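Peer 1: okay, predicted coordinates and the sequence, questions at the end:
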There are 2 protein chains.
Amino acid sequence: MALVVVKFGGTSVGDVARIANAAAKVAAEVKRGNKIAVVVSAMSGVTDQLLGYCHQISSRPDRREQDAVVSSGEQVTAGLMAIALQSQGLQARSWQGWQVPLRTDAAHTKARIVTLETDGLRQRIEDGEVAVMAGFQGVTEDGSIATLGRGGSDTSAVALAAALKADRCDIYTDVDGIYTTDPRIVPAARKLHRVTSEEMLELASLGAKVLQTRSVEMAMRYRVPVQVLSTFDAAIGSDFPGTLMTDEDPTMEQQTVTGIAYSRHEAKLTLVGVEDHPGAAAAVFGPLAKAGISVGMIVQTASASEDDRTTDITFTVPRGEADHATHVLDEARASLRYGALRADKNVAKISIVGLGMRSHPGVAAMLFETLAARGINIQAIETSEISLGVLIAEEYTELALRALHTAYGLDAVESSREG
Amino acid sequence: MALVVVKFGGTSVGDVARIANAAAKVAAEVKRGNKIAVVVSAMSGVTDQLLGYCHQISSRPDRREQDAVVSSGEQVTAGLMAIALQSQGLQARSWQGWQVPLRTDAAHTKARIVTLETDGLRQRIEDGEVAVMAGFQGVTEDGSIATLGRGGSDTSAVALAAALKADRCDIYTDVDGIYTTDPRIVPAARKLHRVTSEEMLELASLGAKVLQTRSVEMAMRYRVPVQVLSTFDAAIGSDFPGTLMTDEDPTMEQQTVTGIAYSRHEAKLTLVGVEDHPGAAAAVFGPLAKAGISVGMIVQTASASEDDRTTDITFTVPRGEADHATHVLDEARASLRYGALRADKNVAKISIVGLGMRSHPGVAAMLFETLAARGINIQAIETSEISLGVLIAEEYTELALRALHTAYGLDAVESSREG
């Protein structure tokens, strides 16, 4: 008997029939004698629809209210899933974030989990009930609903698995595992049967949309075994063809590059003619940090000459926060004294990831050469121990992905598409 | 300065533009120096869509879970309304039922309000914030979401007005007041400028869909002045052409019949061949009451002969509960020992209402004669001090309404449509 947390993403609960299908998977798992907690996302399209309403009313809707609106999507799915599980003959009950409670800080629209009190929920699971927790949401200290940010249901699921000390956390999604890159763009992409959590973390943070970054971090920290698998394939627990996220395994054959991620969720901001003096960068990024906007890549050009004591600062922010960032910098203009502020939302970040990069030189050179050969200009660079990311014009995304996938030897061999 | 509770129904907040329009009405009221609490319904169609999901998954969805699903509709509108009010330059904040808290009993899908603790909400209103409460919903003692039944947002609004000791409660709806009958069916229907709460109570309970019965009862009990008016007409507080619900006023000209209501929300159940002995009725209605199903009209026919010791019992239940009632009676069949159970959902209830009925004889005779002249069979009768209702086949609804409206002299005179 195992305690399993099962998370269903938006397309897995995209309509009533799919919710019933997901419930059948849970019922099969219960039949095997396992105890189950389910975490659900909103039905696909619902979150965007609700966000759309908010933005039709206000270009910058109050974040507390936006959270109240948007969190309803998961509330609906949780209730429907409980009804579907009952139709399978199971005992089941939905739990909203505030009912568990899953407590968060007050950073609305991207709140972080503070505590997850599972006593009530655990008791009912032990009594044989399936707990269905609404993902993505929690409750702040002052009793407001807060959401955990895009993809936050993954984090809800891993957090619940950690709190319950679950034996595993199965993330059902519309893809059947982690690929070397997006197979919709690169047909030669291969599925990875295993991926280390470090690599997964990079892939997630760099735009491979399978798991939210924070969920991977949390899985690493609390050693929650996470499986990514497709709702539309096998039954839970069968010999699924998904991807298992593992701790680093020395016996694993180490490829130099494991995968290539991309993200269209970036925007590039450039402050032109910033006074070049010590503390200039702090003056720029202080107000942004205060406004809760996370800055990604940063490139600062040197002053053109001794006479021209100004510099340009280019950096990336999440595309959805570009307008907010622009507003913050506009307001700080008097103290910052910059010449102009330019925003470019038509950029993409391409990142190559692999534990083997640590020990293999020449990885960066290969990246630069491959892009240069296609005439693709690199606008910014970001590096970590096991990843290397570049910012390019968005229109080159597909071209860059395919070229790099081939260059790093990741293309599937015709006869064996399972890597 | 007045404290006003303003309630917007589904069509008044039917889309984003209408929510903005409603918010503008509130802003105008705030500008006059008034303090406002807003109560909102779900956007029109949303509740039915959510209920549809539940019933697609299960023919008898768990009521707790159905409430969790359906209550999300008001949650969304409350958040959007708060955002719209902020766009009007107002301070505003949404309140879910559990956040107020509005506490209910555990009768899911038709819970009753137990307490409404408004300290937190009132403090913020006094500080100049507009409170936006999600209608229709509350929280049970065990922390589950419960809804107040169809039209429950009216009850939420009147309860909030009572708890806040508001100066008035304005109910914005898609009709511009209370009419002598449904003007969509009877073009000669007249709008009533005033209606007594007793009459309103009968009209509401008998199917005039303007206000939920319980909201009228509550308005009577706590003496909350209620106005019904159209969102699509005048600004709040202007010389609106709505209907004011008043205490009985002896100077008011007393018409015999004030209005005619109808309801298509009934279903007729007939138990054929019930053993006719003392306690038979109790044996039938006991299990229904236990299941929380409210029974309306009851007709029991006498035994046919001394030999045939059985009787038929016909009664009405809300149409939405007909399947549930059938199920309950099926289960009780062994102990009830009846011959057959027949359900007929194609019935309508027509009710004439008027304080003047108490002192005017002949009202019932006029009803029977008018229907008989059109060949309309009366299947059951229900009377109260100031109303008289009959159950007929649903297909005769329009015919009966028009004939009775004329018979009781309610038709508008061409030259003066405002009665």
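Peer 2: Arrived safely.

Peer 1: any buried residues in the helix or strand bottoming out on mean pLDDT in chain A, and which?
Peer 2: Least confident helix or strand of chain A, by mean pLDDT, DSSP states H and E, is helix A:197-205 with a mean of 78. By neighbour count with 16 or more other C-beta atoms under 10 Å in any protein chain shown, helix A:197-205 contains the buried residues A:197, A:198, A:199, A:200, A:201, A:202, A:203, A:204, A:205. In short, each C-beta sits where N, CA and C put it, glycine included.

Peer 1: I'd guessed the second one sits against residue A:384; true?
Peer 2: No: contact criterion C-beta atoms under 8 Å: residue A:198 and residue A:384 do not qualify, at 9.7 Å.

Peer 1: count of residues packed around residue A:279?
Peer 2: The number of residues packed near residue A:279 is 9, by other C-beta atoms under 10 Å in any protein chain shown.

Peer 1: pLDDT wise, what is it at?
Peer 2: We note a pLDDT of 79 for residue A:279 in this prediction.

Peer 1: can you tell me which residues contact it?
Peer 2: Residues counted as contacts of residue A:279 (C-beta atoms under 8 Å, 6 or more residues apart in numbering or on different chains): none.

Peer 1: do residue A:80 as well
Peer 2: A:13, A:16, A:19, B:53, B:54, B:57, B:65, B:69.

Peer 1: closest to residue A:188 out of those residues?
Peer 2: The closest of these to residue A:188 turns out to be residue A:13 (C-beta to C-beta; 31.0 Å).

Peer 1: what helix or strand is the nearest residue to residue A:139 once chain neighbours are set aside on?
Peer 2: Once flanking residues are discounted, residue A:139 sits nearest to residue A:98: 3.7 Å by C-beta to C-beta, 6 or more residues apart in numbering or on different chains. According to DSSP states H and E, residue A:98 maps onto no helix or strand at all.

Peer 1: list the contacts for residue A:98?
Peer 2: With contact set as C-beta under 8 Å, 6+ apart, residue A:98 has these partners: A:137, A:138, A:139, A:143, A:145, B:98.

Peer 1: quickly note the distance from the first one to residue A:68.
Peer 2: According to C-beta to C-beta, to the nearest Å, residue A:137 stands 10 Å off from residue A:68.

Peer 1: got any ranges where the stretch 101-250 of chain A has weak pLDDT?
Peer 2: A:205-209, A:233-241, A:248-250 (pLDDT under 70).

Peer 1: what's around residue A:351, how many residues?
Peer 2: 25.

Peer 1: any idea which element residue A:311 lies in?
Peer 2: Residue A:311 belongs to strand A:310-318 when assigned by DSSP H and E.

Peer 1: need the mean per-residue confidence for that strand.
Peer 2: 89.

Peer 1: what ranges does the stretch 101-250 of chain A have for its helices?
Peer 2: A:119-126, A:152-164, A:197-205, A:213-221 (DSSP state H, counting those that start in this stretch).

Peer 1: against which helices or strands is the least confident helix or strand of chain A packed?
Peer 2: Judged by 3 or more C-beta pairs under 8 Å, 6 or more residues apart in numbering or on different chains; DSSP states H and E, helix A:197-205 is in contact with helix A:213-221, strand A:243-246, strand A:259-263, strand A:347-353.

Peer 1: for residue A:274, which of these is the nearest?
Peer 2: Where those are weighed against each other on C-beta to C-beta, the nearest is strand A:347-353, at 20.2 Å.

Peer 1: next structured bit after that closest one?
Peer 2: Later in the chain than strand A:347-353, the nearest helix or strand by DSSP H and E is helix A:363-373.

Peer 1: need the contact partners of that next one.
Peer 2: A:256-257, A:352, A:354, A:357, A:378, A:383, A:388, A:390, A:392, A:400, A:403-404, A:407-408.

Peer 1: same thing with stretch A:212-225?
Peer 2: A:112, A:148-155, A:157-159, A:161-162, A:166-169, A:197-198, A:200-201, A:204-205, A:226, A:244-247.

Peer 1: any of those residues buried? List them.
Peer 2: Looks like the contacts of stretch A:212-225 have A:148-155, A:157-159, A:161-162, A:166, A:168-169, A:197-198, A:200-201, A:204-205, A:226, A:244-246 buried, using 16+ other C-beta under 10 Å.

Peer 1: and the stretch 51-200 of chain A, which residues reach chain B?
Peer 2: A:53-54, A:56-58, A:61-62, A:64-69, A:71-73, A:75-76, A:78-80, A:82-84, A:86-87, A:93-94, A:96, A:98-99, A:143-145 (C-beta under 8 Å from any C-beta of the partner chain).
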